[in-house]
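J.: Everything below, folded, please.
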Amino acid sequence: MEYSWFMILLSLCLCAAATNVFLILFSQSKSKKTKLSLPPGPPSLPIVGSIFLLKRLLTDFESLIRDLSYKYGPIISIRIGSSLSVFISSHSLAHQALIQNGAAFSYRPGSVTPSCIFRNTNSDTGSSSGARWRFLRRNLTSALLSPSRYKCFGRARISFLETVDSLLKYHVESGDPVPVVEPFRYAMFSLLLFMCFGEKLDEKAIKDIVEIEGNVVANYKRLSIFHSFPTFGKFIFRKHLIDIRRKQISALLPLIQSRRERKEKIKQENQDENIFAYIDSLFDLKFKDEGGRDINDEEIVILICEVMDAGSDTVSTVFEWVMAHLVKDQTIQEKLFSEIQQVVNSEEEIKEEDLQKMPYLKAVVLETLRLNPPSHFVLPRIVEEDVVLNGYLIPKKTIVNFTVAGMGRDPQVWKDPMEFKPERFLGEEGEVVDITGTREIKMMPFSAGRRICPGLGLGTLHLEYFLANLIRNYKWVAVDGQDVDMSEKQEFTWVMKTPLRAHVSQRAK
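T.: Numbers count the residues shown, from 1 in each chain. The predicted structure follows:
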């Protein structure tokens with residue numbers, strides 16, 4: 001029995017080695033044939049590539065890419081085994097790739113989002129490519145992420161703002177510090193569930209789903225092995241994947257069935273539905289690339305989880321960072337409060353259209369996204385054809401990524417890049433910053449080009465709306481005069497290493 005297993009493992013290793021040799025020789029011969037070289041990078045050994053970098057790739061990834069970029073330039077390549085990866089840290093090269101050659105850089109290498117990694121599929125919008133991606137993105141945008149759809153959930157935003165407000169009043173009365181991100185994350189999760197299912201869920205159901213998806217994003221970093229080795233990752237984490245998948249289905253399937261029954265009843269009784277939710281659009285989906293088959297319930301779970309993961313954790317992370325800067329610098333907090341007071345008096349409700357009259361509010365949010373983007377790299381791309389960039393060949397099937405945080409903190413582009421200065425987005429300097437990257441890329445917290453985050457508008461709306469209301473109603477100060485720890489660590493997003501806690505006091509009306 002042991003001999004049989006040994007022979008199987010030996011055969012697999014020999015096959016893998018032969019495949020690696022073939023791929024390496026093929027890429028080298030291709031570059032010689034085209035008289036173009038691959039982007040520069042660390043030394044690479046036959047078969048194993050730059051295997052000596054594997055430990056730093058797994059434990060100190062960002063600083064490794066930064067060090068290699070300093071040494072080799074704004075575009076570098078790293079080979080591990082048969083996998084070739086290219087990293088781009090230049091603003092102009094990012095614009096050439098994502099905007100000028102957007103079609104070539106619009107594909108995904110497989111399961112890259114948490115919701116799909118836990119199923120080892122590419123069935124959601126973030127992980128899919130080609131016709132499937134365009135189909136899912138078009139549906140997501142029209143059903144949930146267009147400006148006209150935002151307005152339909154205005155009353156829901158007010159309701160969940162009141163939820164945060166009640167939690168903060170408890171801390172005001174008790175005098176206990178507020179764990180700043182927790183009430184906001186709960187409200188954001190509740191709001192997104194409402195937008196997905198069209199009704200307000202009970203507290204237990206919300207907390208169950210929050211716990212499950214919190215476990216998903218907490219494990220995302222170590223499961224990133226799926227990006228390069230999906231089959232190996234599925235084998236190693238099989239039991240954990242099955243457990244998470246079972247919990248997600250157990251929590252969401254009853255909600256899906258309940259909404260379907262409600263829709264059928266309304267249809268039979270010829271009634272009008274007050275709220276058109278995201279899930280309603282999914283019930284009618286048919287995959288044309290698979291013969292027009294209907295979407296199944298497990299795929300609906302994946303698409304709902306995608307919205308939960310992308311829309312709650314990223315926005316909550318940015319919210320905690322922006323509040324950290326405002327707690328740390330009371331002058332900026334009071335300047336923002338003054339602008340809000342000038343737009344709406346103490347008796348008026350802040351309407352969403354009022355946000356357009358608050359340029360300093362927008363500058364504060366933009367400066368946070370520049371200095372503390374929720375992700376320091378974009379979700380990986382894969383080129384489906386040979387591409388020439390900056391005189392280098394990027395061969396077909398190469399995985400490509402971009403240094404988002406590095407671009408936002410580049411001293412050659414930004415003056416005093418590590419200082420928090422919202423004023424840099426006001427006046428003439430601010431007018432040339434295009435957050436979508438269409439004209440030029442100076443920062444790209446939501447990525448850029450064809451795969452730019454479709455939730456850009458909704459995410460910034462939620463940040464601005466909740467921030468304006470919570471600064472207007474409460475004053476936020478550091479706990480016992482302590483300095484705010486601005487160090488960061490990587491989870492699903494780049495979060496504060498020491499979660500922010502602050503004392504809140506109600507502002508006088």
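J.: Show the residue spans covered by the strands in the stretch 151-300 of the chain.
T.: For the stretch 151-300 of the chain, the strands defined by DSSP state E, counting those that start in this stretch cover 178-179, 286-287, 293-294.
J.: And these: which comes nearest residue 75?
T.: strand 286-287 (36.7 Å; Cβ to Cβ). Just so you know, the C-beta spots here come from the backbone N, C-alpha and C atoms, and that holds for glycine as well.
J.: Low-confidence ranges, this protein, go.
T.: 1-34, 221-237, 270-273, 428-432 (pLDDT under 70).
J.: Quick one: the strands in it, in order.
T.: 75-80, 83-88, 178-179, 286-287, 293-294, 381-382, 387-389, 392-394, 399-402, 474-478, 488-490, 494-496, 501-506 (DSSP state E).
J.: Export these as a markdown table, with columns for distance to residue 151 and mean neighbour count.
T.: Formatted as a markdown table, these follow (distance: least, Cβ to Cβ, whole Å; neighbours: other Cβ atoms under 10 Å):
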| stretch | distance to residue 151 | mean neighbour count |
| --- | --- | --- |
| strand 75-80 | 43 | 22 |
| strand 83-88 | 38 | 23 |
| strand 178-179 | 30 | 18 |
| strand 286-287 | 28 | 14 |
| strand 293-294 | 30 | 11 |
| strand 381-382 | 33 | 23 |
| strand 387-389 | 41 | 17 |
| strand 392-394 | 42 | 22 |
| strand 399-402 | 33 | 22 |
| strand 474-478 | 27 | 18 |
| strand 488-490 | 35 | 13 |
| strand 494-496 | 31 | 20 |
| strand 501-506 | 30 | 17 |
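J.: hmm, back to that, any chance of the strands of the stretch 151-300 of the chain in JSON lines, plus distance to residue 434?
T.: Listed next are the strands of the stretch 151-300 of the chain as JSON lines, based on distance: least, Cβ to Cβ, whole Å:
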{"stretch": "strand 178-179", "distance to residue 434": "35"}
{"stretch": "strand 286-287", "distance to residue 434": "35"}
{"stretch": "strand 293-294", "distance to residue 434": "40"}
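J.: who wins for proximity to residue 323 among those?
T.: Once those are compared by Cβ to Cβ, strand 178-179 is nearest, at 9.5 Å.
J.: Run through who's touching the closest one.
T.: 168, 171, 499, 500, 501, 502, 503, 504 (Cβ atoms under 8 Å, 6 or more residues apart in numbering).
J.: partners of that strand, with directions?
T.: strand 501-506 (antiparallel) (DSSP bridges).
J.: dump the residue contacts of residue 96.
T.: Taking Cβ under 8 Å, 6+ apart, one finds 389, 390 in contact with residue 96.
J.: Also residue 340?
T.: 350, 358, 361, 468, 471, 472.
J.: Identify the residues contacting the second one.
T.: The neighbourhood of residue 358, defined by Cβ under 8 Å, 6+ apart, consists of 339, 340, 343, 464, 468.
J.: Switch the residues you listed over to a markdown table; also include distance to residue 303.
T.: As requested, the contacts of residue 358 are arranged in a markdown table below (distance: Cβ to Cβ, whole Å):
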| residue | distance to residue 303 |
| --- | --- |
| 339 | 38 |
| 340 | 36 |
| 343 | 37 |
| 464 | 26 |
| 468 | 31 |
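J.: Take those and keep only those in helices.
T.: Here DSSP state H is the test, and the contacts of residue 358 give 339, 340, 343, 464, 468 as lying in helices.
J.: Give me the distance between the residue lying closest to the first one once chain neighbours are set aside and residue 330.
T.: Looking back up the chat, that one is residue 339. Sequence neighbours aside, residue 360 is the residue nearest to residue 339 in space, at 4.6 Å (criterion: Cβ to Cβ, 6 or more residues apart in numbering). Distance, residue 360 to residue 330, using Cβ to Cβ, to the nearest Å: 15 Å.
J.: Who has more neighbours out of the two?
T.: Neighbour count, other Cβ atoms under 10 Å: between residue 360 and residue 330, residue 360 has more, with 18 against 13.
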